[in-house]
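> model this:
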Amino acid sequence: MSFYTIHQYVLAQGGGLERLHEYLSAVWLPAAGRRPVLILEGVVTSPLPQVLVVTGHDSPAHYASLHAPEPADLLYESLAVRHLRPTNYSPLLAPSSGAPRYFEYRLYQAPNAAKMIPLHERFAGPEIAIFHRCGIRPVLYAETVAGEKMPNLVYLTPFASLAERETAWNTFRADPEWIDVRTAHAAAHGPVPKSIEISLYKAATYSPVK
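Purely as a prediction, here's the structure:
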C-alpha cells in the first residue's frame with residue numbers, strides 16, 4: 001500500500017452507531033475492493049462512542065473512489081481524517097479470520113521532525129524484536145503526513161483479550177534489554193516521544209482485518 005487513511009467518526013450518545021456500521025459494511029467495503037480495511041469500535045477512547053476506519057490505498061484515485069455521497073440519515077458529531085505513510089519496517093495490513101480482536105492504537109508525537117529519525121531507528125532496530133518476544137505484534141506502523149499532532153508515529157497492535165494486552169505490556173516494561181535501550185535512547189536524544197496517545201478498540205464482526 002502506498003498510503004493509509006484513518007477516518008475517525010465520533011457519534012452522539014445513543015444514536016447513529018448502527019446506521020454507521022450499515023453504511024460501512026454496505027458501501028465502504030465494496031468500494032475498497034481488495035484493499036485492506038480495519039473497522040474498529042471504541043472501547044476505551046475519548047470521546048465515546050466512536051468508530052475508526054483504517055483503509056489501505058494504492059493510489060489517490062482509489063481513495064477518491066470511496067467518497068460516494070453519504071445518505072441523509074447517516075448522522076455523526078464529527079469526522080476527522082488522517083493520511084498516513086507506512087514506515088519501511090511496517091508489515092502489510094492484511095485480512096484475518098477468527099474472532100474479532102482488541103486493537104490498541106498508539107500515537108507517539110515528537111517535538112520536531114528531526115526527533116522522528118532516532119525514534120524510527122529505535123523501532124526498526126531493537127524495539128520491534130523486544131516487542132515480539134513480549135507478545136506485542138503491531139500490524140501497522142505509519143507516519144501521519146496530513147492530520148493532527150504531527151510529526152508522529154502511529155501503530156496498531158491486536159490482542160485476543162484485554163488481559164493478554166496487560167500481560168504483554170507488563171512483560172515489556174520489565175524486560176532488561178528494553179530498559180537498557182530506553183535509557184540509552186533518552187541519554188542520546190532526550191525525551192522522545194514528547195507525548196503518547198493511547199486508545200483501545202475492538203474490531204467489528206464484519207471487518208476484513210479483525
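> Okay, and the beta partners of L107?
V154, E197 (DSSP bridges).
> where's A188, which helix or strand?
helix 176-189 (DSSP states H and E).
> CA atoms of that helix as PDB?
Output in PDB follows, covering the C-alpha atoms of helix 176-189 (Å, rounded to 0.1, in the frame of the first residue of the first chain):
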ATOM      1  CA  PRO A 176      16.100  -5.900  30.800                       C
ATOM      2  CA  GLU A 177      17.100  -5.200  27.200                       C
ATOM      3  CA  TRP A 178      14.200  -2.700  26.800                       C
ATOM      4  CA  ILE A 179      15.300  -0.900  29.900                       C
ATOM      5  CA  ASP A 180      18.800  -0.600  28.500                       C
ATOM      6  CA  VAL A 181      17.500   0.600  25.100                       C
ATOM      7  CA  ARG A 182      15.200   3.100  26.600                       C
ATOM      8  CA  THR A 183      17.900   4.500  28.900                       C
ATOM      9  CA  ALA A 184      20.400   4.800  26.100                       C
ATOM     10  CA  HIS A 185      17.900   6.400  23.800                       C
ATOM     11  CA  ALA A 186      16.900   9.000  26.400                       C
ATOM     12  CA  ALA A 187      20.600   9.900  27.100                       C
ATOM     13  CA  ALA A 188      21.400  10.300  23.400                       C
ATOM     14  CA  HIS A 189      18.200  12.000  22.100                       C
END
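> Please name every helix or strand in contact with that helix.
Applying 3 or more CB pairs under 8 Å, 6 or more residues apart in numbering; DSSP states H and E, one finds that helix 176-189 makes contact with helix 113-122, helix 128-134. (Glycine included, C-beta is placed from N, CA and C.)
> hmm, try it at 7 Å
Applying 3 or more CB pairs under 7 Å, 6 or more residues apart in numbering; DSSP states H and E, we find helix 176-189 packed against helix 113-122.
> So for the helix it packs on, what gets flagged as buried?
115-116, 118-120, 122 (16 or more other CB atoms under 10 Å).
> Can you give the contact residues for that helix?
For helix 113-122, contacts defined as CB atoms under 7 Å, 6 or more residues apart in numbering pick out 87, 108, 110, 151, 153, 181, 185, 189, 192-193.
> what does stretch 76-93 give?
By CB under 7 Å, 6+ apart, stretch 76-93 touches 1, 3-12, 16, 20, 36, 38, 56, 120, 123-124, 128, 139-147, 154, 209.
> after the lowest-mean-pLDDT helix or strand in the chain, next one along is what?
Every helix and strand of the chain was ranked by mean pLDDT, DSSP states H and E. The lowest is helix 60-65, at a mean of 90. The helix or strand immediately downstream of helix 60-65 is strand 78-86, counting by DSSP H and E.
> what about that next one, average pLDDT?
Averaged across strand 78-86, the pLDDT comes to 96.
> What is the burial count for A31?
Residues near A31, counting by other CB atoms under 10 Å, number 15.
> show me the contacts for S199.
Counting by CB under 7 Å, 6+ apart, S199 touches 42, 44-45, 105.
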